[in-house]
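Undergrad: mind folding the following:
(one chain, ligands or ions: 2)
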Amino acid sequence: MINHNDHSQTEYSDQPQIILVDDDAAVLKATSQWLRLAGMSVETFARAETALEQIATKSPDVIVSDIKMPGMDGLTLARRCADIDPDLPVILITAHGDIKMAVKAIRDGAYDFMEKPVEPELLTDRIQRAWEKRQLILENQKLKRIVDRGASLEHRLLGRSPVIRQLRQQIVQLAATPVDTVINGATGTGKELVAQCLHEWSPRSEGPFVAVNCGAIPDTLFESELFGHEKGAFTGASEKRIGKIEYAMGGTLFLDEIESMPLNFQIKLLRVLQERKLERLGSNKTIDLDIWIIAATKVNLESASAEGDFREDLYYRFNVAELFIPRLSERQQDIPLLFSHFAQKAAYQFERPYMPPTDDDLTSLIEYPWQGNVRQLKNIAERYVLGVGATRSIRSLLGGNDATINTPSSNGLNERVQQFEAQLIIQSLQKHKGNISEVMEDLTLPRRTLNNKMIQYEIKRKDYL
Ligand SMILES: Nc1ncnc2c1ncn2[C@@H]1O[C@H](COP(=O)(O)OP(=O)(O)OP(=O)(O)O)[C@@H](O)[C@H]1O
Ligand SMILES: [Mg+2]
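TA: Ligands and ions are numbered 1, 2, ... in the order given. This is a model prediction of the structure:
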């Protein structure tokens with residue numbers, strides 16, 4: 001059977017593709033001329049056997065066939081078509097007096113029949129209607145596919161909140177027709193996961209998924225990391241090197257933290273996006289690229305480009321498809337589900353018992369601000385599992401309402417001190433709206449120490465601006 005996906009190319013054509021079968025050359029010629037005049041695209045066949053080959057490989061919209069022909073007749077053709085695709089409309093042309101046969105044919109799956117001599121207008125009209133009906137069926141099948149695929153994505157990208165449901169729909173749709181995409185979301189909201197889902201749900205899923213963290217590559221190495229280089233391209237290039245972009249051939253290139261890409265490299269990336277071509281450093285050979293580029297960012301690229309921190313043309317290029325992942329605190333409804341998912345997974349991994357959180361625990365979880373979003377929730381769920389059996393409560397894990405200091409806890413002193421320290425830094429950042437100098441003063445900490453502690457506790461200044 002033809003996979004229904006194969007029709008996706010024909011779904012949006014604005015003229016129906018007709019296959020016309022008749023052993024009478026004169027009829028074939030005249031009929032095809034009418035249909036073409038009516039704006040249809042027609043292929044003619046004198047024999048059903050050859051027509052059938054075409055039907056199986058291409059995916060025409062409507063078949064019009066004479067019944068009585070040498071070799072395979074129209075009735076058999078209609079049955080074969082129904083085997084290939086039960087929704088493919090076949091209009092049979094019968095000689096006078098063959099009505100009984102035609103009625104049986106319809107029962108066997110043919111779509112319609114007309115008696116000879118065929119009125120041109122009537123025929124185009126019937127074809128038009130068959131085509132419209134077919135498009136409806138294809139559209140429905142496509143929607144059903146999207147719903148089915150969305151259902152399986154539900155187990156990978158969890159959440160029942162309306163925003164996450166919508167995000168899953170967008171992912172399935174984008175994956176079907178990949179265009180360069182940017183994913184926008186705060187730290188730990190699931191940008192990389194969304195990029196992976198896009199890749200896995202796309203026709204490129206068999207190809208590689210290559211992730212590049214633009215924030216982690218020193219400016220001077222950017223070009224050779226991404227483009228690769230030939231041996232001797234510059235001092236130090238002792239070996240040929242394949243760049244990350246080339247590694248992604250046939251698959252997906254994920255450019256994380258695209259906002260930290262050096263401006264002078266952004267123009268080069270823009271060229272890659274537009275021309276889908278690449279030259280390794282020190283080489284004049286052009287490589288044609290077959291890659292899907294997905295970028296992720298924590299900042300608002302539009303304002304960044306307005307301020308000159310990001311190239312505007314590059315922003316517009318990505319802006320075609322933008323996915324936005326809201327903070328966890330804006331989808332509190334997902335918190336219990338995500339928490340028990342991560343906790344159960346951790347219990348399995350660490351071979352610990354899983355104790356469902358109490359109602360009180362859930363309330364604390366839902367009310368917590370989750371600056372670190374899903375990643376932070378995952379960390380807490382893991383610590384919860386590791387501490388089960390002792391007196392540790394979720395509230396103490398979250399460090400809220402003095403719980404860190406006052407609640408008896410099985411944490412070692414070190415861990416409690418660290419939690420308290422992280423809490424103080426967060427509070428100060430909140431108070432000073434992310435102003436690092438004021439936080440340094442407030443906590444009498446040198447910049448480097450503050451910086452190191454923020455990295456250690458995964459506290460991001462951006463989250464408090
Ligand atoms: N909706 C979700 N369902 C299941 N797991 C999720 C979901 N969202 C995020 N996660 C998990 O949370 C963790 C953080 O997600 P991810 O690394 O994709 O975030 P990110 O936005 O790329 O973070 P960062 O900004 O720090 O790079 C991962 O382990 C990811 O699998
Ligand atoms: Mg990430």
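
Undergrad: mind giving me the packing neighbours of the helix of greatest length in the chain?
TA: In the chain, with assignment by DSSP state H, the single longest helix is helix 120-153. Helix 120-153 sits against helix 25-37, strand 62-66, strand 90-94, strand 112-115, helix 162-176, with contacts defined as 3 or more C-beta pairs under 8 Å, 6 or more residues apart in numbering; DSSP states H and E. Just so you know, the C-beta spots here come from the backbone N, C-alpha and C atoms, and that holds for glycine as well.

Undergrad: could you give the angle of the next helix or strand after the longest one to helix 162-176?
TA: Read that as helix 162-176. Where DSSP states H and E defines the elements, the next helix or strand beyond helix 162-176 is strand 181-185. Per axes from the mean of the first three to the mean of the last three C-alpha atoms, to 10 degrees, the angle that strand 181-185 makes with helix 162-176 is 160 degrees.

Undergrad: for strand 181-185, give me every contacting residue.
TA: For strand 181-185, contacts defined as C-beta atoms under 8 Å, 6 or more residues apart in numbering pick out 174, 191, 194-195, 198, 258, 293-298, 300-301, 318-327, 373.

Undergrad: any of those buried? List them.
TA: 174, 191, 194-195, 198, 258, 293-298, 301, 318, 321-323, 325-327, 373 (16 or more other C-beta atoms under 10 Å).

Undergrad: list the contacts for the residue of the chain found nearest ligand 1?
TA: The minimum distance from the chain to ligand 1, using C-beta to the nearest ligand atom, falls at residue 190 (2.8 Å). For residue 190, the contact set (C-beta under 8 Å, 6+ apart) comprises 157, 325, 373, 374.

Undergrad: so which bits of the protein are right by ligand 1?
TA: Proximity of the chain to ligand 1, by C-beta under 6 Å from any ligand atom, involves residues 157-159, 185, 187-193, 298, 374-375, 378.

Undergrad: and the residues you listed, which of them are in helices?
TA: 191, 192, 193, 374, 375, 378.

Undergrad: closest one of those to residue 59?
TA: Checking these against residue 59 by C-beta to C-beta gives residue 193 as the nearest, at 35.0 Å.

Undergrad: hmm, the closest one is touching residue 159, no?
TA: No. Look at residue 193 against residue 159 with C-beta atoms under 8 Å: they stay out of range, at 11.1 Å.

Undergrad: and residue 46, how many neighbours does it have?
TA: Applying other C-beta atoms under 10 Å, we find 16 residues neighbouring residue 46.

Undergrad: excluding chain neighbours, what is closest to it?
TA: residue 23 (5.5 Å; C-beta to C-beta, 6 or more residues apart in numbering).

Undergrad: thinking again about what came up before, of residue 193 and residue 159, who's got more company?
TA: The neighbour count for residue 193 versus residue 159, taken as other C-beta under 10 Å, is higher for residue 159 (21 against 15).

Undergrad: now do the contacts for the nearest residue to that one once chain neighbours are set aside.
TA: Spatial nearest neighbour of residue 159, excluding adjacent residues (C-beta to C-beta, 6+ apart): residue 334 at 4.0 Å. Shown in contact with residue 334 (C-beta under 8 Å, 6+ apart): 158, 159, 160, 161, 164, 328.

Undergrad: give me phi/psi at residue 334?
TA: Main-chain torsions, residue 334, degrees, to the nearest 10: phi -80, psi -10.

Undergrad: check which helix or strand covers residue 360.
TA: Going by DSSP H and E, residue 360 is in helix 359-367.

Undergrad: in that helix, what's buried?
TA: Within helix 359-367, judged by 16+ other C-beta under 10 Å, the buried ones are 361, 362, 364, 365.

Undergrad: check stretch 425-441 too.
TA: Those would be 425, 426, 428, 429, 432, 435, 439, 440, for stretch 425-441 by 16+ other C-beta under 10 Å.

Undergrad: the fourth one reaches residue 465, doesn't it?
TA: This means residue 429. No. Using C-beta under 8 Å, residue 429 is not in contact with residue 465; the gap is 9.3 Å.

Undergrad: ok so, going back, out of the helices and strands packed on helix 120-153, flag the one nearest residue 393.
TA: Ranking those by proximity to residue 393 (C-beta to C-beta) places helix 162-176 first, at 27.9 Å.

Undergrad: what are the buried residues along the closest one?
TA: 164, 167, 168, 170, 171, 172, 174, 175, 176.

Undergrad: hmm, the last one is touching residue 202, no?
TA: Yes. With contact defined as C-beta under 8 Å, residue 176 and residue 202 form a contacting pair (7.4 Å).
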